[in-house]
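Colleague: what follows is a protein structure lacking sequence information:
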Ligand SMILES: [Zn+2]
């Protein structure tokens with residue numbers, strides 16, 4: 001069994017959570033001791049770390065990050081994470097387009113053209 005631990009700053013910067021990745025018999029589990037992670041729901045600490053975002057990670061070891069990436073590459077999680085990132089970008093694009101169209105609609109309503 002292989003276990004990696006990462007210390008991640010909380011969103012408000014006042015707390016620190018521990019994200020733990022463990023591989024056992026080909027299965028990889030990634031947990032976080034924050035409130036959301038404790039309930040097994042989505043938490044940004046695990047999500048960002050697995051996505052390669054390390055700005056909130058305290059003194060990350062390059063070797064541990066590389067090992068985490070290698071662990072995830074062997075699981076269906078890699079494809080799911082890639083799809084989440086792609087859909088997030090698409091959602092951002094749609095939000096920007098929607099905001100621009102709302103401005104255009106407001107202008108047309110106000111000016112008639
Ligand atoms: Zn968390």
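Modeller: Yep, that arrived. Just so it is clear, the model here is predicted, and its values are computed rather than measured.
Colleague: CA atoms for contacts and neighbours, from now on please.
Modeller: Fine.
Colleague: I'd assumed residue 37 was in a helix, is it?
Modeller: Yes - secondary structure assignment (DSSP: H, G, I helix; E, B strand; the rest coil) places residue 37 inside a helix.
Colleague: I'd say residue 81 and residue 51 touch.
Modeller: Yes - here residue 81 reaches residue 51: they are 6.9 Å apart, a contact under C-alpha atoms under 8 Å.
Colleague: quick one: contacts for residue 5?
Modeller: By C-alpha atoms under 8 Å, 6 or more residues apart in numbering, the residues touching residue 5 are 18, 19, 20, 21.
Colleague: sitting in strands, which of these do you find?
Modeller: 18, 19, 20, 21 (DSSP state E).
Colleague: the first one against residue 30, yeah?
Modeller: No - between residue 18 and residue 30 there is no contact under C-alpha under 8 Å: 10.4 Å.
Colleague: kindly state the pLDDT recorded for residue 2?
Modeller: The predicted local distance difference test score for residue 2 is 88.
Colleague: in contact with it, which residues?
Modeller: If you count contacts by C-alpha under 8 Å, 6+ apart, then residue 2 has 22, 23, 24 around it.
Colleague: ok, the residues you listed vs residue 43, which is closest?
Modeller: Distance from residue 43 was checked for each of the contacts of residue 2 by C-alpha to C-alpha. The minimum falls on residue 22, at 17.3 Å.
Colleague: which element, helix or strand, includes the nearest residue to the closest one once chain neighbours are set aside?
Modeller: On the basis of C-alpha to C-alpha, 6 or more residues apart in numbering, the spatially nearest residue to residue 22 that is not a chain neighbour turns out to be residue 3, at 4.3 Å. Mapping residue 3 onto the secondary structure by DSSP states H and E places it in strand 2-9.
Colleague: fine, thanks again, bye for now.
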